[in-house]
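>>> Provided below for reference: sequence and predicted model.
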Amino acid sequence: MNFSFKIPPLLLSLISGILLAVAVPPVNLYYLAWVGLIPLLIALEKPLKSGFSEGFVAGLVFNTGTLYWLAFNSGTYPVVAALTMFVLVVVISSFWGLAAWLFRRIYNHLGQISWIVVPFSWTAWEGWQSNMGELSFPWSVLALTQTAYEPALQIMEFTGMSGVTFWVVSLNVLVLFTLRKPIFVKRILLVGIVLWFVIPFGILQHSYKYYEGNPPITKLMAVQGSLDPLAKWKGGARHSWDVYDSLSREGFESGTEIIIWPETALPTVLIERSFYTNSISQLARELNTPIITGSSALRQFDDDLKPMNVAYLVSPDHGIEDVYSKQILVPFGERVPFQWIFPQLGNLNLGQAEFLPGLRQSIFEVKRELDTVRFSSLICYESIIPRQTRKAVKNGANLLVTISNDAWYGKTSEAHQIAALSRFRCIETRRSMVRASNTGISFLADPLGRIIRKTELLEPVSITGFLPLIEVETIYVKYGDWFLTVVSLIFGSILIYISVVKMGKAQ
């Protein structure tokens, strides 16, 4: 097939950005991501000055379509929200531009064989851009485009999200090759595409084995109060307490082993407010069921008391039994980064909550007659950070619990996307997850990342269901981002080869 028709390179880049943007939640046209990169790749073949602008435009469209909701954050000043979205989109899109610029250099030396490099280069760039320490933001990744395609997601058991990105980019390259090659080569490439789809289906079939032997199950309840985030704090904790107390009693089912309330379900310093401490302890006793709730805590730091975003485990027998303080805080939303280098950054007022990070990851335990349910309580943003979940599982967690408050973004796509990213943690670790969010989406998901039950946005409701407890140690849990490391080494070796051999010959 001849692609010589006159389409401006920047228009091709724009098309790629649109195709990829409509593949992510909530639109979920995942199959468009299988060809979504092709227009950009064609644009990068054309005689260009650098290639940066083509990559940047594609990234700008994709990231704006994916992350536009940042500008609707009602928890900060409108100007700050808009500026945050703009800066983040520009920064991430610049990585796309740099990757395209570098690819163009590779293409100049290797020609069409350089298409084979694309899955390695894309995966490496995306992976390391998503692992930038305190600035890590593994959100607008290509794995997110496959949220509605269950087989592809199962790759994460072995490789994490990087494997799904590699699979998607490789599929784009295979399709591009197929469209361009002679008929006898097309047939071979079509077989390759079919085999490329067999891989995730094979892993999906493999994953069913975790249900063999009837693993133990637990019955869990997630409560979604659907409270306006600003009104919740202005109105005090009493209204929130009434809502969650009522929903828990009304929706409670016999045999429920843990009740989960969302992040800051009780907008107060729980451990210092005896009325609410006694009330939630009494509720746990009456229902004879432990309760997880989000609330606040205070810790002495220098000469001040600083707030912390915490989860409490309240047991029927002991009241507040354990506490976890959120360790990974939202950059510029909950804490200005790099205060360990420049402490004065904490004095900046950007509308952030300015929490103190927790010092340790707690593993909560609920003992049963024959075994123990062990889980970490991931608080909102932490659920998109794979290393946090992996650490919890290596510390013994056989269940994942996420509490969140996505109400700041209203009916935007943020709630759908963070729910999808949270599900990825199930597949990486083969652990079930219960997620309780203030305004949704709350859900119960199995170790394959499949939703067992879920809520709609902005509905006050409780959901209950059974989830299996599986304690296998997956390849990803055991070795972490090994796949990203291998891909990066291969890509690095290619760059060294081009730099040393090809450029040496040119001289």
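Alright, I've got the coordinates.
>>> Moving C-terminal from the longest helix seen in the chain, which element do we reach first?
Determined from DSSP state H, the single longest helix within the chain is helix 78-110. The helix or strand immediately downstream of helix 78-110 is helix 118-129, counting by DSSP states H and E.
>>> ok, back up a step: show me what the longest helix of the chain is packed up against.
Packed against helix 78-110 by the contact rule (3 or more CB pairs under 8 Å, 6 or more residues apart in numbering; DSSP states H and E) you find helix 38-45, helix 52-67, helix 118-129, helix 482-497. C-beta coordinates here come from the backbone N, C-alpha and C atoms, glycine included.
>>> Show me the strands in the stretch 251-400 of the chain, by range?
258-260, 291-301, 304-315, 319-325, 364-367, 372-379, 399-404 (DSSP state E, counting those that start in this stretch).
>>> what do you get for the stretch 401-507 of the chain?
433-437, 443-445, 451-454, 461-468.
>>> which one of those strands is the most hemmed in?
Highest mean neighbour count among the strands of the stretch 401-507 of the chain (mean count of other CB atoms under 10 Å): strand 433-437, with a mean of 29.
>>> which outside residues touch that strand?
Residues from elsewhere that reach strand 433-437, judged by CB atoms under 8 Å, 6 or more residues apart in numbering: 220, 222-224, 258, 260-263, 265, 292, 383, 399-406, 415, 419, 422-423, 425-426, 441-445, 455, 467.
>>> Would you mind getting the angle between it and strand 461-468?
Computed with axes from the mean of the first three to the mean of the last three CA atoms, to 10 degrees, the direction of strand 433-437 lies at 170 degrees from that of strand 461-468.
>>> Adjacent strands (with direction) for strand 433-437?
strand 399-404 (parallel), strand 443-445 (antiparallel) (DSSP bridges).
>>> Got the domain ranges for the chain?
9-209+481-506, 214-472 (automatic domain parsing).
>>> And the pLDDT for the spatially closest residue to Ser362 that is not a sequence neighbour?
Nearest non-adjacent residue to Ser362, counting by CB to CB, 6 or more residues apart in numbering: Tyr324, 3.9 Å away. Looking at Tyr324, its pLDDT is 95.
>>> Just name the most buried of the strands of the stretch 251-400 of the chain.
The highest mean neighbour count among the strands of the stretch 251-400 of the chain, using mean count of other CB under 10 Å, belongs to strand 399-404: a mean of 28.
>>> distance between that strand and the chain's centre?
Centroid separation between strand 399-404 and its chain, computed with CA atoms, centre = their mean, to the nearest Å, is 13 Å.
>>> Where does pLDDT dip in this structure?
For the chain, the stretches flagged by pLDDT under 70 are 1-5, 48-49, 134, 184, 332-333, 335-353, 502-507.
>>> Can you tell me the SS state at the closest residue to Met85 other than its chain neighbours?
In space, and not counting its chain neighbours, Met85 is closest to Leu70: 3.7 Å by CB to CB, 6+ apart. Leu70 falls in the helix class when you classify it by DSSP: H, G, I helix; E, B strand; the rest coil.
>>> residue contacts, Ile291?
With CB under 8 Å, 6+ apart, Ile291 has these contacts: Ser248, Ile258, Ile259, Ile260, Trp261, Ile280, Leu283, Ala284, Leu313, Val314.
>>> Quickly note the distance from it to Ser248.
Counting by CB to CB, to the nearest Å, the gap from Ile291 to Ser248 is 8 Å.
>>> shared neighbours of these two, which are they?
What both Ile291 and Ser248 touch, as defined by CB under 8 Å, 6+ apart, is the set Ile259, Trp261, Leu283.
>>> sorry, back to before: using TSV, please lay out the strands of the stretch 251-400 of the chain together with distance to Ile116.
Output for the strands of the stretch 251-400 of the chain, formatted as TSV (distance: least, CB to CB, whole Å):
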stretch	distance to Ile116
strand 258-260	47
strand 291-301	48
strand 304-315	45
strand 319-325	46
strand 364-367	47
strand 372-379	38
strand 399-404	37
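>>> Which one of these lies nearest to Gly160?
strand 399-404 (15.3 Å; CB to CB).
>>> Residues touching that closest one, excluding its own?
218, 258, 260-263, 265, 292-294, 311, 364, 373-380, 382-383, 389, 392, 418, 422, 425-426, 429, 431-438, 467, 469.
>>> Just want the angle from that strand to strand 372-379.
30 degrees.
>>> tell me the angle strand 399-404 makes with strand 291-301.
Interaxial angle, strand 399-404 versus strand 291-301 (the same axes, to 10 degrees): 70 degrees.
>>> how about strand 399-404 as PDB, C-alpha atoms only?
Output of strand 399-404 as PDB, limited to C-alpha atoms (Å, rounded to 0.1, in the frame of the first residue of the first chain):
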ATOM      1  CA  LEU A 399      -5.700  -8.800  49.600                       C
ATOM      2  CA  LEU A 400      -5.600  -5.200  48.300                       C
ATOM      3  CA  VAL A 401      -7.700  -2.400  49.800                       C
ATOM      4  CA  THR A 402      -7.900   1.000  48.200                       C
ATOM      5  CA  ILE A 403      -9.700   4.000  49.700                       C
ATOM      6  CA  SER A 404     -10.100   7.100  47.700                       C
END
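>>> beta partners for Pro307?
Beta-bridge partners for Pro307, by DSSP bridges, are Leu298.
>>> Tell me the spacing between it and Ser16.
For Pro307, the distance to Ser16 - CB to CB - is 43 Å.
>>> For the closest residue to Leu305 other than its chain neighbours, which residues are in contact?
In space, and not counting its chain neighbours, Leu305 is closest to Leu298: 4.5 Å by CB to CB, 6+ apart. With contact set as CB under 8 Å, 6+ apart, Leu298 has these partners: Val269, Glu272, Leu305, Lys306, Pro307, Met308.
>>> May I see those residues arranged in a markdown table, with distance to Leu41 as well?
Output for those, formatted as a markdown table (distance: CB to CB, whole Å):
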| residue | distance to Leu41 |
| --- | --- |
| Val269 | 54 |
| Glu272 | 58 |
| Leu305 | 55 |
| Lys306 | 49 |
| Pro307 | 48 |
| Met308 | 47 |
